[in-house]
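Participant: please work out how this folds:
(one chain, ligands or ions: 1)
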Amino acid sequence: MAAPNPDTWWRSAAIYQVYVRSFADGDGNGTGDLAGVRARLPYLAELGVDALWFNPWYLSPMADGGYDVADYRAIDPAFGTLAEAEKLISEARELGIRTIVDIVPNHVSDQHVWFRAALAAGPGSPERELFHFRPGRGENGELPPNNWPSQFSGNTWTRVPDGEWYLHLFTPEQPDLNWAHPAVRQEHEDLLRFWFERGAAGVRIDSAALVVKDPDLPDAADDDTTPYVDRDELHDVYRSWRAVADEFDGVLIGELWVPDPDRFARYLRPDELHTAFNFDFLARSWDAAELRASIDTTLAYHAPVGAPATWVLCNHDVTRTVTRYGRADDTGFDFAKKRFGTPTDLDLGTRRARAAALLSLALPGAVYVYQGEELGLPEADIPLDRIEDPMHFRSGGTDPGRDGCRVPLPWSADAPYAGFGAQTEPWLPQPEGWAAYAADRQAADPDSMLSLYRAALEIRRSGPGFGDGPLTWLPSEPGVLSFTRTDGPADGLICVVNLAEAPAGLPGHTSVLLTSGPLDDEGRLPRDTAAWLRA
Ligand code: NOJ
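Facilitator: Below is the predicted model of the structure:
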């Protein structure tokens, strides 16, 4: 396959997700920051990723880890300054790494000037029209205006002292914006320009399918999400965003929870978003038929719109990969299944995560790596009195929330707080034994997860057959996934993943490029192991 066209880098990119708060602490105060990221850019370059996606780094009261933005044009002081963000973007670019910022159009922080003005201005004011304010139901307006369920369990309406209610699909600190209002649309197009002008190469769009609401805000029947999910009017919004992005060759990436593949693909038409996260793949069990079905559907529904697929194993919202794949029920994204004390077999999970890494890096399209995945970090148990995630509190304490995948990274085994950089207790505690996962220790171990990721990304970057392009299944035993990444016979890549109990023979090849674990004495691929071969 030819070297990637610089204009279409996003069709094949390996994108590393940086959760700034937990990546590296540059000033030692216990919270990760931009100085920490800048100091670790050489690590990211050596890892071999093409782009960084930063979770929101803007001014925020952190009611939802920064997804409650008070000012998009300012960096939160806990992370640094706007000037530092600009430096970071250009320093990364010099190392060949692009930057993707996170925009959260569905809601703002309750501390955003717009919302403060709306509260102060009172019912019937133009300021309130930027949000969804409504009188309540019931004799005295004491009941919420409709019955919509929250994405985070609990209520979606909060009453303010003058008696009106406002809508928030997430926490009360995240009031939903009214996208029928032209000022809301204008502001977001200006924001896109603001960040593209500062060198961002792409934008990740948070909760992209929830943004537009049925203007009547009608009650929803059980399971009916049509008043607030995947509304047809959204396509018009993203078409205007695309026009802005095109001015800068910028890329739009949707966080789209739209289970119907046809409806999902509509967002990826040539004049809308460039790509979207493939949550279907993330939600599948470690099972050959399941994964193959997900791969086939993904490729089938992306093809007609000409968009590349993406592959995601983990992010800041879900259970870490090695923990998930070590569980009896390893489906990915059902928050309801997050429970305290769910048993896991970390050796098994790690073996599978290694194989899954080679699988996802070999599939056609772009791939995401969430910070710490390259270290094989497990989900951490956070002591109850240290949990910060509002999901935990809104579940009435039954759901541990998402902090367990957001723990500060271990960089050096022998340094305090495993080299996170903190001189004081980090914002989330690192579990015992965290130092064993430290990057410095893994860099020195050829069998570590880090060495596997480095080797795989290096081969993926420099060799033919990776990224965007066709996939052809090869005949294989049940429980074995085997495919090649070229149409023609010459120097194609073959990826084989054995999810069956019995060892699998390898298809004909000229060389073994990489395996996720040792082959057996007869040169066969053991269970839960993947291999990359040259045809
Ligand atoms: C999706 C983000 O990934 C998640 O972390 C956040 O809580 C919600 N959107 C609300 O912004």
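
Participant: rest of the way, CA atoms for contacts and neighbours
Facilitator: Will do.

Participant: could I get the pLDDT score of the residue in the stretch 51-200 of the chain that the ligand sits nearest to?
Facilitator: For the stretch 51-200 of the chain and the ligand, the shortest gap (Cα to the nearest ligand atom) falls at Tyr67, measuring 4.6 Å. Model confidence at Tyr67, given as pLDDT, is 98.

Participant: and it, what is it in contact with?
Facilitator: Pro56, Ser60, Val104, Val108, Ser109 (Cα atoms under 8 Å, 6 or more residues apart in numbering).

Participant: now do Val37
Facilitator: Val37 is in contact with Val20, Phe23, Ala24, Gly26, Leu88, counting by Cα under 8 Å, 6+ apart.

Participant: got the phi and psi for Gly250?
Facilitator: phi -80, psi 160 (degrees, to the nearest 10).

Participant: quick one: it from Tyr16, how far?
Facilitator: Note on Gly250: its distance to Tyr16, by Cα to Cα, to the nearest Å, is 17 Å.

Participant: ok, now Gly396?
Facilitator: According to Cα to Cα, Gly396 and Tyr16 sit 33 Å apart.

Participant: between these two, which has more neighbouring residues?
Facilitator: Shown here are Gly396 and Tyr16; by other Cα atoms under 10 Å, Tyr16 has more neighbours (26 against 11).

Participant: which residues does that one bridge with?
Facilitator: Leu52, Val369 (DSSP bridges).

Participant: that one against Glu373, yeah?
Facilitator: No: Tyr16 is not in contact with Glu373 according to Cα atoms under 8 Å; the separation is 9.6 Å.

Participant: turn the contacts of Tyr67 into CSV, columns for pLDDT, secondary structure and distance to the ligand.
Facilitator: Listed next are the contacts of Tyr67 as CSV, based on pLDDT from 0 to 100; DSSP: H, G, I helix; E, B strand; the rest coil; distance: Cα to the nearest ligand atom, whole Å:
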residue, pLDDT, secondary structure, distance to the ligand
Pro56, 98, coil, 9
Ser60, 98, coil, 12
Val104, 98, coil, 6
Val108, 98, coil, 9
Ser109, 98, coil, 10
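
Participant: wait, which of the residues you listed is closest to Ala531?
Facilitator: Pro56 (36.1 Å; Cα to Cα).

Participant: Pro123 contacts Glu164, correct?
Facilitator: Yes: the criterion here is Cα under 8 Å, and Pro123 meets it with Glu164 at 7.0 Å.

Participant: who's more crowded, those two?
Facilitator: More neighbours surround Glu164 than the other of Pro123 and Glu164, with 22 against 18 (other Cα under 10 Å).

Participant: got the confidence number for that one?
Facilitator: With respect to pLDDT, Glu164 scores 98.

Participant: so what's the most centrally placed residue in the chain closest to, chain neighbours aside?
Facilitator: Taking Cα atoms, centre = their mean, the centroid of the chain lies closest to Asn315, which sits 4.3 Å from it. Among residues not flanking Asn315 along the chain, Tyr370 sits closest, at 5.3 Å (Cα to Cα, 6 or more residues apart in numbering).

Participant: thought that neighbour was touching Gln17?
Facilitator: Yes: counting by Cα under 8 Å, Gln17 is a contact partner of Tyr370 at 4.7 Å.

Participant: so what sits against both of these two?
Facilitator: Counting by Cα under 8 Å, 6+ apart, the residues touching both Tyr370 and Gln17 are Asn315.

Participant: give me the low-pLDDT residue ranges for the stretch 351-500 of the chain?
Facilitator: Scanning the stretch 351-500 of the chain for pLDDT under 70 picks out 487-490.

Participant: helices along that one, start to end?
Facilitator: Using DSSP state H, counting those that start in this stretch, the helices of the stretch 351-500 of the chain run over 390-394, 439-443, 449-462.

Participant: I'd like the ones you listed laid out as a markdown table, including distance to Phe340 and mean neighbour count.
Facilitator: Compiled in a markdown table, these are given as follows (distance: least, Cα to Cα, whole Å; neighbours: other Cα atoms under 10 Å):
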| stretch | distance to Phe340 | mean neighbour count |
| --- | --- | --- |
| helix 390-394 | 11 | 19 |
| helix 439-443 | 28 | 19 |
| helix 449-462 | 26 | 20 |
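
Participant: what's the closest of those helices to Arg185?
Facilitator: helix 390-394 (28.0 Å).

Participant: the closest one close to the ligand?
Facilitator: No: judged by Cα under 6 Å from any ligand atom, helix 390-394 stays clear of the ligand, getting no closer than 8.2 Å.

Participant: which parts of the stretch 151-300 of the chain are strands?
Facilitator: Using DSSP state E, counting those that start in this stretch, the strands of the stretch 151-300 of the chain run over 157-159, 165-167, 202-205, 251-254, 275-276.

Participant: what residue spans form the domains of this protein?
Facilitator: Following automatic domain parsing, one gets these domains for the chain: 6-104+278-454, 113-167, 470-534.
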